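Asker: generate a structure from the sequence data that follows.
(4 chains)
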2 protein chains.
Amino acid sequence: MSETDLPAAPWDRRRRRPAPAKVPLTRERIVEAAFTVLDREGYDRLSMRQVALELGVAVSALYVHVANKDELFELMYLRLFEGRELPDPDPERWQEQLKEFARDGRAALLRHRDMARISMGQLPFTPTLLPHVERLMAIIRASGMPDRVAAMAGDLLSTYIEGFTLEEGMWLERYKDMDPSTWEVKRQEITDYFATLPPDRFPNMVAMAGLMVDESNDYRFELGLDILVRGLASYVEKTPEES
Amino acid sequence: MSETDLPAAPWDRRRRRPAPAKVPLTRERIVEAAFTVLDREGYDRLSMRQVALELGVAVSALYVHVANKDELFELMYLRLFEGRELPDPDPERWQEQLKEFARDGRAALLRHRDMARISMGQLPFTPTLLPHVERLMAIIRASGMPDRVAAMAGDLLSTYIEGFTLEEGMWLERYKDMDPSTWEVKRQEITDYFATLPPDRFPNMVAMAGLMVDESNDYRFELGLDILVRGLASYVEKTPEES
DNA sequence: CTTGTTCACTGAACAGTGTTCATGCTAGAA
DNA sequence: TTCTAGCATGAACACTGTTCAGTGAACAAG
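Answerer: Have a look, this model is predicted:
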């Protein structure tokens, strides 16, 4: 409805240049650019200058929209939860629901390079995340475990997801420069290293040489998840009528 | 026995100043200084320059003994395990032994400010730690759990210890500037915040308002540990003869 | 058409960072 | 005394996060 909808009148000299069609800088665009830089350059090279350069803008312009590099990290962290919905609690399926939540979390972290490093060092107690935490708690409490355990369960799960993915990402970073054909060779080298340790001093290492390296990350994540959920389940008081 | 034991002869012009009694720079002294700086300044202000300043030495001198800031971090990380002995495995007490290991780990991390942040981002697969890992594995395998689970158990435990202590440390850092008298007030504020949320939208948050904040870190750590160990125990195949 | 104000953005600067390298000093060997 | 080896130095490079006085365009009022 404003006059900007109308074509510019040729006699109107106010705008000789077509008003450089500036896409205004917003928090969203900054976060977007930050992710682009993160994926291309990695955590260590993610700097305010690189983000500004990505947007074709002076560094100081960023600070109008974002207080800090820390605040930028926080915004990136919040992205992890956007569009991730938790189901209504189903007391029969709380274990599977928690596992699904964890798988989602890992997937979200793996979506961007080094994302786990940003996620670590963030406390998930921002009001924005309250609805999310509330729904997670609903699922946990529906299991029937004591509230003391339920309060711990959320943290425990988050710590596992982030910790596991962090370690996973560090291995990925370490071997990303090698071409995949040598991957298998390298892995065999490591397995061999463990296998050829003096068996009298390192009997357990030698015995588990294969297992420590061979298993896929997916399998290992799933196994850790199962250990955790079993531990939680052991706190659920089974009422006599359901069994 | 060298001539430096003798008092300087007044006519000897070679050393007007008493040969500044140089303690030679070593990796050990550098690591020591790094810990001093870490405890005083925190992770974010721990820089090579500060370490050099602490030692009264030029920055570049550090690089003779230490390749990198990363290598310095690695050396600091290795300190965590020095003088920490694991007991011989006792199949009857594996659960308590693992818990003791975890408590030790947390204590070691808490011994230095922000130590968990250094510890995270370190892969514990350096040859120096092999004996340590071996002994941990001995305890885990003595429990009788399948090797696949045992291989995961170590990682899971380490992730928990580091993750928990990292979060713990972040809260400590956040509130360290306040004087302890206002601590209690602040905690009540947070509890109240949760308690006064709209109960129709956040029934679970409101219900657990007290539990989420009140419990001590010691208790929470112990609880998480128990959940984990119970999960592991659920994988131990109980042979018929022992029960 | 002229003013004034607002707003987003710029460029330069400050105080720091990790890391390198030619230079110098010092202690011991010949 | 001279030579040599090794260590430590200071200056430099290429960065970092953050601040702040100033610029220019857009719009509203007089």
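
Asker: mean confidence score for the helix or strand harbouring A:F194?
Answerer: Applying DSSP states H and E as the criterion places A:F194 in helix A:180-195. The average pLDDT within helix A:180-195 is 87.

Asker: B:P199 versus A:T182, what's the distance?
Answerer: The gap separating A:T182 from B:P199 is 59 Å, by CB to CB, to the nearest Å. Yep, even glycine has a C-beta here, placed from its N, CA and C like the rest.

Asker: how about the helices in chain A?
Answerer: Remark: helices assigned in chain A by DSSP state H are A:27-41, A:48-55, A:59-65, A:69-79, A:94-110, A:115-119, A:130-142, A:147-175, A:180-195, A:203-207, A:209-214, A:217-233.

Asker: output the ones you listed as JSON lines; include the columns mean neighbour count and distance to B:M115.
Answerer: As requested, the helices of chain A are exported to JSON lines (neighbours: other CB atoms under 10 Å in any protein chain shown; distance: least, CB to CB, whole Å):
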{"stretch": "helix A:27-41", "mean neighbour count": "18", "distance to B:M115": "26"}
{"stretch": "helix A:48-55", "mean neighbour count": "18", "distance to B:M115": "28"}
{"stretch": "helix A:59-65", "mean neighbour count": "14", "distance to B:M115": "32"}
{"stretch": "helix A:69-79", "mean neighbour count": "17", "distance to B:M115": "21"}
{"stretch": "helix A:94-110", "mean neighbour count": "18", "distance to B:M115": "24"}
{"stretch": "helix A:115-119", "mean neighbour count": "23", "distance to B:M115": "17"}
{"stretch": "helix A:130-142", "mean neighbour count": "20", "distance to B:M115": "28"}
{"stretch": "helix A:147-175", "mean neighbour count": "20", "distance to B:M115": "16"}
{"stretch": "helix A:180-195", "mean neighbour count": "12", "distance to B:M115": "28"}
{"stretch": "helix A:203-207", "mean neighbour count": "18", "distance to B:M115": "27"}
{"stretch": "helix A:209-214", "mean neighbour count": "17", "distance to B:M115": "26"}
{"stretch": "helix A:217-233", "mean neighbour count": "20", "distance to B:M115": "24"}
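
Asker: CSV for those, including distance to B:F35?
Answerer: Formatted as CSV, these follow (distance: least, CB to CB, whole Å):
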stretch, distance to B:F35
helix A:27-41, 31
helix A:48-55, 31
helix A:59-65, 34
helix A:69-79, 25
helix A:94-110, 31
helix A:115-119, 23
helix A:130-142, 36
helix A:147-175, 24
helix A:180-195, 31
helix A:203-207, 30
helix A:209-214, 31
helix A:217-233, 32
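
Asker: worst mean pLDDT among these?
Answerer: Minimum mean pLDDT among the helices of chain A: helix A:209-214, a mean of 82.

Asker: quick test: name the residue nearest the centre of chain A.
Answerer: For chain A, the residue nearest the mean C-alpha position is A:L109 (2.3 Å; CA atoms, centre = their mean).

Asker: identify the residues contacting that residue.
Answerer: A:L109 makes contact with A:L80, A:M115, A:A116, A:S119, A:I161, A:E162, A:T165, A:G169 under the criterion CB atoms under 8 Å, 6 or more residues apart in numbering or on different chains.

Asker: out of those, the closest to chain B would be?
Answerer: Nearest to chain B, judged by CB to the nearest CB, of the contacts of A:L109 is A:E162 at 6.8 Å.

Asker: hang on, the closest one packs against A:R117?
Answerer: No - using CB atoms under 8 Å, A:E162 is not in contact with A:R117; the gap is 9.5 Å.

Asker: so what's A:L129 up against?
Answerer: A:L78, A:F81.

Asker: in chain A, what residue comes closest to DNA strand C?
Answerer: The nearest approach of chain A to DNA strand C comes at A:S60, 2.8 Å away (CB to the nearest atom of the strand).

Asker: which residues does that residue contact?
Answerer: By CB under 8 Å, 6+ apart, the contact set of A:S60 is empty.

Asker: near DNA strand C, which residues of chain A show up?
Answerer: Within chain A, the positions lying close to DNA strand C (CB under 7 Å from any atom of the strand) are A:K22, A:P24, A:L25, A:G56, A:V57, A:A58, A:V59, A:S60, A:A61, A:V64, A:H65.

Asker: right, I'll leave it there.
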